[in-house]
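Asker: here is the input, now give the coordinates:
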Amino acid sequence: MANTNTSNVLLLETVATAADALLRSQSNVIFAAAPDAGEAHIEGRPIHAIVTRGKGKVNAALIDACKGLQLIARCGVGLDNIDVAYASSKGIKVVNAPGSNSATVAEHALSLMLMLQRHMTKATAAVKAGNWQYRTVYAGDDLRGKKLGIAGFGNIGQRVARLADAFGMDIQFWDVAEIDTPYTQVPFDTLIATSQVITIHLPLLDSTRDLFSRDVLRRAKQQPVLINTARGGLVKDADLLLALEEGWISGFGGDVLEIGTPPPEYPLLKLDNVLVTPHSASLTKTTYAEMCMITVQNALRLLAGEAIEERYLFNRNSL
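Answerer: Take a look at the predicted model:
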């Protein structure tokens, strides 16, 4: 059967199987051999849409190289890898999937809190090594009753609050916007000084980059556990290492670091009170499939001239 699809889609990274099948059934997919190799695969063809996840960078050069480009679709929430301002200046729509990963990232943050607070990694490693006597020196603690400070109270931060509430934590949060909620909103300095667990759920902006610097971490009076499942650029790794070595904070659980993929000998990874996962918080089977399908469906609808829910069109106010 002849291919009757008229739209060309540059796919910079793999997407979930069902979403990939849908995309290929309704468009001509040009798959890049590597996330940043998209431009080399255009070969003079018009490109009507780019679909990416978190690694394939969509910069001004790639946008200019894609003649006929109508939209850029990100299977996820964060748009660090897309030059949204340049796309908007060209009238190109930017689609993402806000809210699709809130539940799973919140679960991941709670998982890291529990693992650090209850020393789960050490305990299970001891049992696997046959050291059941580890229980005699076990020094884990509850989340119950601990003061939790949430930096950033968007969809994920609010989900974390509800989950932590169920664990009996005492919740406070900081956000640049005033938010009507049963939980206590406090100034940033108060959150840092009084929280026993701090979890970060902020976007990476010029105003938030390196926010958790040496000066801020030094002001943590409760030796908190620090959790970062947001963006690596929010915390300076060198300052984090110093804070752990000096005991300003008692542990760190992260899904991201300042540098994307550190080597095994990276000093932070050598510390017993540091747990880092490979930016996998959103990659659970269920959430990954949902994020990809929502984004691909919306991209195909826009290419067909149909409307989508406004919340998925990130730069709707800039076009």
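Asker: could you pull up phi and psi at residue 9?
Answerer: phi -120, psi 120 (degrees, to the nearest 10).
Asker: and it, what does it touch?
Answerer: Neighbouring residues of residue 9 by C-beta atoms under 8 Å, 6 or more residues apart in numbering: 23, 27, 28, 29, 30, 47, 48, 49, 50, 51, 299. Placement of C-beta: from N, CA and C, glycine included.
Asker: now these: which count as buried?
Answerer: 23, 27, 29, 30, 47, 48, 49, 50, 51, 299 (16 or more other C-beta atoms under 10 Å).
Asker: adding secondary structure, distance to residue 68 and pLDDT, write those out as TSV.
Answerer: Below are the buried ones among the contacts of residue 9 laid out as TSV (DSSP: H, G, I helix; E, B strand; the rest coil; distance: C-beta to C-beta, whole Å; pLDDT from 0 to 100):
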residue	secondary structure	distance to residue 68	pLDDT
23	helix	18	97
27	coil	13	96
29	strand	16	96
30	strand	13	96
47	coil	6	97
48	coil	6	97
49	strand	10	98
50	strand	11	97
51	strand	15	97
299	helix	15	98
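Asker: nearest to residue 155, of these?
Answerer: The closest of the buried ones among the contacts of residue 9 to residue 155 turns out to be residue 299 (C-beta to C-beta; 21.7 Å).
Asker: gap between the closest one and residue 90?
Answerer: For residue 299, the distance to residue 90 equals 17 Å [C-beta to C-beta, to the nearest Å].
Asker: can you map out the helices along this structure?
Answerer: Taking DSSP state H, the helices of the chain run over residues 17-26, 60-65, 84-89, 102-117, 120-128, 155-166, 188-194, 214-218, 237-246, 285-303.
Asker: now tabulate these in TSV and tack on distance to residue 230.
Answerer: TSV is the format used below for these (distance: least, C-beta to C-beta, whole Å):
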stretch	distance to residue 230
helix 17-26	25
helix 60-65	26
helix 84-89	18
helix 102-117	8
helix 120-128	22
helix 155-166	8
helix 188-194	15
helix 214-218	15
helix 237-246	14
helix 285-303	16
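Asker: in TSV: the buried ones among the contacts of residue 9, plus distance to residue 85.
Answerer: Listed next are the buried ones among the contacts of residue 9 as TSV, based on distance: C-beta to C-beta, whole Å:
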residue	distance to residue 85
23	26
27	26
29	27
30	25
47	20
48	21
49	19
50	16
51	20
299	20
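Asker: tell me the contacts of the residue most central in space within the chain?
Answerer: The residue lying closest to the centre of the chain (C-alpha atoms, centre = their mean) is residue 230, at 4.5 Å. If a contact means C-beta under 8 Å, 6+ apart, then residue 230 has 152, 156, 200, 201, 202, 203, 204, 256 as its contacts.
Asker: for the stretch 201-319 of the chain, just list every one of the strands.
Answerer: Along the stretch 201-319 of the chain, counting by DSSP state E, counting those that start in this stretch, strands occupy 225-228, 251-254, 274-276.
Asker: the last one: how far from the chain's middle?
Answerer: Distance, stretch centre to chain centre, for strand 274-276: 16 Å (C-alpha atoms, centre = their mean, to the nearest Å).
Asker: swap in stretch 261-276?
Answerer: Between the centre of stretch 261-276 and the centre of its chain there are 19 Å (C-alpha atoms, centre = their mean).
Asker: gap between the two ends of that stretch?
Answerer: Taking C-alpha to C-alpha, to the nearest Å, stretch 261-276 runs 11 Å from one end to the other.
Asker: for it, buried residues please.
Answerer: Result for stretch 261-276 [16+ other C-beta under 10 Å]: buried residues 268, 274, 275, 276.
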